[in-house]
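>>> build me a model from this:
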Amino acid sequence: MRRRRSTKIVATLGPASSSAEMISKLFLAGADTFRINMSHASHDRMRELVVIIRDLESRFSRPIGILVDLQGPKLRLGEFGDNSAMCPTGAHFVFDQDPTPGDAKRVYLPHPEIFAAAKAGDALLIDDGKLRLRVVKAEASRLEAVAEVGGRLSSRKGISLPDTVLPFTALTPKDRADLEAALETGVDWIGLSFVQRPDDVAEVKKIARGRAGVMSKIEKPVAVERLAEIIELSDALMVARGDLGVEMPLAKVPGIQKLITRSARRLGKPVVVATQMLESMITAPVPTRAEVSDVATAVFDGADAVMLSAESAAGQYPVEAVQTMDEIAREVESDVLYHQIIANQRQPPEPTGADAIAEAARSIAERLNLAAIMCWTSSGSTALRVARERSFRPVLALTPSIYTARRLALVWGVHCVNVEDAGNLDDMVQRACRIAFSEEFAKPGQRVAIIAGVPLGTPGATNMLRIAFVGASALDAI
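Numbering: from 1, shown residues only. Model (predicted):
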């Protein structure tokens, strides 16, 4: 099951892709990690999907990642008397805490936190940004706004405040219940929605206690402003372009995507680019030219993974969508310009022994044309440091922890193998050579780079680099 590309693919599961047969087809088509969206999945359904994926994992002897995406707070308007009302551009409109059905002049806003935080000048976006209002007067239980872009207001439509830091955490009571259920089920990644501040990430990490990696979804302007702090605490990042495109001018989103991608890469944190990547394939068997360019841009930028949402969850062509992403990634990665761009984007290593060894392994592997870089890793940190280097030689992560192997299934260029820990240095070298051969990354006579931490099994202690020949003697045990 060796992939012929470095960029990974995340496929969202849903009505079109929830059977064991379809999930198997998506995996064979190229999906490396599966996403379960808790906005639409119950706890029982989530557990059923995890069982299907783990059975698939056993059948193909290949670690598969599972990302559970928390819903996050949903801010919505109250009800209107006639289910809707017109709010023309230039009109004044009031949001209050009176539960009486609304009309053309006012509506109930059942979120006291908004009244506590909003101030004059803040923007109010309704129905995914179709209507834009500006607060002109803010009181304890009343907001008066003027419509900059008017339209029809409808009952229970979503409302967002891009200029306002709201005084609540990213975890609702539903999210807490979903988080505990996901952690108990043994998923690999938690997608955290509505991140506003580093404290939101810290809260989830405190609950997770290392049982799953925390992937912060960057979808709000206030999160972009505090990006460096959020990345520092996060285990991975997602460029959630859908909500970013609602709360910020659309023209700014591509630049922000590059900022997030490069910032995450600089710190060695996996980064996923998501939302509407192949949107037309929900109903069409082929993508638009613009969508192909969009996916290719994320690959050229060195993103760890690209993600399918509705395309694989509810679309008519989920398998074709995965195949298309796989084809685009492989084509881009074979382009001469791709190698030049990735090489030019490399950052100097951090001043640590692990980063220096990772850089040296990449440089030596490319200079000597080694068959692969073999990373013995317990926590996954060694493989992450090598992945940060974006080596043009294959990277194999050898780990005794299936949990580490599953998380690394999301990481750029890393081929994960779950193995028993090595007994000593000779055993480490011989088994690395055997695995490089058995996984079809090296042939007898070729050389591989082996990096690890000594003493063996010590997390985060990468301090050894060795070059070894894959000889006939190393293959006796196969």
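
>>> and the chain, what are its domains?
Using automatic domain parsing, the domain ranges for the chain come out as 8-72+169-332, 84-160, 346-475.

>>> would a markdown table of those domains with mean pLDDT be doable?
Shown next, in a markdown table, are the domains of the chain (pLDDT from 0 to 100):
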| stretch | mean pLDDT |
| --- | --- |
| domain 8-72+169-332 | 96 |
| domain 84-160 | 95 |
| domain 346-475 | 91 |
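
>>> now these in TSV, with mean neighbour count and distance to Met1?
(Each C-beta comes from the backbone N, C-alpha and C, glycine too.) Output for the domains of the chain, formatted as TSV (neighbours: other Cβ atoms under 10 Å; distance: least, Cβ to Cβ, whole Å):
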stretch	mean neighbour count	distance to Met1
domain 8-72+169-332	20	4
domain 84-160	17	39
domain 346-475	20	9
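
>>> now those domains in TSV, with distance to Tyr338?
Shown next, in TSV, are the domains of the chain (distance: least, Cβ to Cβ, whole Å):
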stretch	distance to Tyr338
domain 8-72+169-332	5
domain 84-160	34
domain 346-475	10
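
>>> out of those, nearest to Gly78?
Closest approach to Gly78 among these (Cβ to Cβ): domain 84-160, 3.0 Å.

>>> mind listing the helices for the stretch 351-478 of the chain?
353-367, 381-388, 402-408, 425-438 (DSSP state H, counting those that start in this stretch).

>>> with distance to Arg132 added, can I get those in TSV?
Below are those laid out as TSV (distance: least, Cβ to Cβ, whole Å):
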stretch	distance to Arg132
helix 353-367	45
helix 381-388	40
helix 402-408	40
helix 425-438	56
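
>>> what separates Glu57 from Met248, distance-wise?
38 Å (Cβ to Cβ, to the nearest Å).

>>> now find how far off-centre stretch 348-357 is within its chain.
25 Å (Cα atoms, centre = their mean, to the nearest Å).

>>> export it as PDB, just CAs?
Only the C-alpha atoms of stretch 348-357 are listed here, as PDB (Å, rounded to 0.1, in the frame of the first residue of the first chain):
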ATOM      1  CA  PRO A 348      16.900  26.700   8.800                       C
ATOM      2  CA  PRO A 349      16.700  24.000  11.500                       C
ATOM      3  CA  GLU A 350      15.900  24.800  15.000                       C
ATOM      4  CA  PRO A 351      19.000  24.900  17.300                       C
ATOM      5  CA  THR A 352      18.400  21.400  18.700                       C
ATOM      6  CA  GLY A 353      20.200  18.100  18.200                       C
ATOM      7  CA  ALA A 354      17.100  16.500  16.700                       C
ATOM      8  CA  ASP A 355      16.600  19.200  14.100                       C
ATOM      9  CA  ALA A 356      20.200  19.200  13.200                       C
ATOM     10  CA  ILE A 357      20.200  15.400  12.700                       C
END
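
>>> contact partners of that stretch?
358-359, 381-382, 385, 388-389, 451, 460-465 (Cβ atoms under 8 Å, 6 or more residues apart in numbering).

>>> nearest to Arg2, of the domains of the chain?
Going by Cβ to Cβ, the one of the domains of the chain nearest Arg2 is domain 346-475, 6.0 Å.

>>> was I right to think Asp32 contacts Ile64?
Yes. Using Cβ atoms under 8 Å, Asp32 makes contact with Ile64 at a distance of 7.1 Å.

>>> what is in contact with those two at once?
Jointly contacting Asp32 and Ile64 under the rule Cβ under 8 Å, 6+ apart are Ala409.

>>> what sits against Ser141?
Taking Cβ under 8 Å, 6+ apart, one finds 96-97, 112, 115 in contact with Ser141.

>>> again, but for Ala31
Per Cβ under 8 Å, 6+ apart, neighbours of Ala31: 9-11, 312, 322.

>>> check Leu56 too.
Leu56 neighbours (Cβ under 8 Å, 6+ apart): 20, 23-24, 27, 64.

>>> okay, and which of the contacts of Ala31 map to helices?
Among the contacts of Ala31, the members falling in helices (DSSP state H) are 312, 322.

>>> nearest to Phe441, out of the contacts of Ala31: which one, please.
When these are compared against Phe441 (criterion: Cβ to Cβ), the nearest one is Ile9, at 20.1 Å.

>>> partner residues bridging that closest one?
Beta-bridge pairing of Ile9 under DSSP bridges involves Val306.

>>> from Pro270, how far out is it?
Here the criterion is Cβ to Cβ. By it, Ile9 lies 13 Å from Pro270.

>>> what's the answer for Asp199, then?
Using Cβ to Cβ, Asp199 is found at 22 Å from Pro270.

>>> who wins for proximity to Ala296 among the helices of the stretch 351-478 of the chain?
Using Cβ to Cβ, the helices of the stretch 351-478 of the chain put helix 381-388 closest to Ala296, at 20.3 Å.

>>> next, the angle from that closest one to helix 353-367.
Counting by axes from the mean of the first three to the mean of the last three Cα atoms, to 10 degrees, helix 381-388 lies at 50 degrees to helix 353-367.

>>> how far off centre is helix 381-388?
Chain-centre distance of helix 381-388: 17 Å, with Cα atoms, centre = their mean.

>>> which of the contacts of Leu56 sits closest to Arg407?
Ile64 (10.9 Å).

>>> OK, contacts around the closest one?
Counting by Cβ under 8 Å, 6+ apart, Ile64 makes contact with 27, 32-34, 53-54, 56-57, 406, 409.
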